[in-house]
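Engineer: Coordinates only, no sequence provided:
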């Protein structure tokens with residue numbers, strides 16, 4: 001399976017989780033959808049650099065989180081977010 005095929009499967013399967021993460025950060029569904037869309041675009045463009053040193057799921061979650069933090073404009077807020085279920 002190619003990186004592109006894996007990306008498509010993971011992005012489709014985990015989209016709900018990505019939206020949940022982004023909505024927890026913004027408290028706004030529309031902004032969360034924008035964050036996920038931006039993150040998926042970044043991820044797609046970065047596929048050639050994906051080195052398979054981690055699972056693609058993990059890589060995608062990190063990019064969604066970082067895109068959300070960029071959206072909020074403050075990387076120092078990471079500790080305020082709880083990524084567990086709830």
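Structural biologist: All right, it came through fine. Here the structure is a predicted model, which means the values were calculated and not measured.
Engineer: got any ranges where this protein has weak pLDDT?
Structural biologist: Per-residue confidence of the chain (counting by pLDDT under 70) places the weak regions at 1, 3, 74-86.
Engineer: residues touching the residue nearest the centre of the chain, list them.
Structural biologist: Closest to where the C-alpha atoms of the chain average out (C-alpha atoms, centre = their mean) is residue 64, at 2.0 Å. Residues in contact with residue 64, defined by C-beta atoms under 8 Å, 6 or more residues apart in numbering, are 18, 21-22, 35-36, 39. C-beta coordinates here come from the backbone N, C-alpha and C atoms, glycine included.
Engineer: Could you work out the most separated pair of the residues you listed?
Structural biologist: Greatest spatial distance in those: 21 and 39, 9.5 Å, computed using C-beta to C-beta.
Engineer: Compare the two (neighbour count), which wins?
Structural biologist: Here residue 21 and residue 39 are set side by side on neighbour count (other C-beta atoms under 10 Å), and the busier one is residue 39, at 25 against 22.
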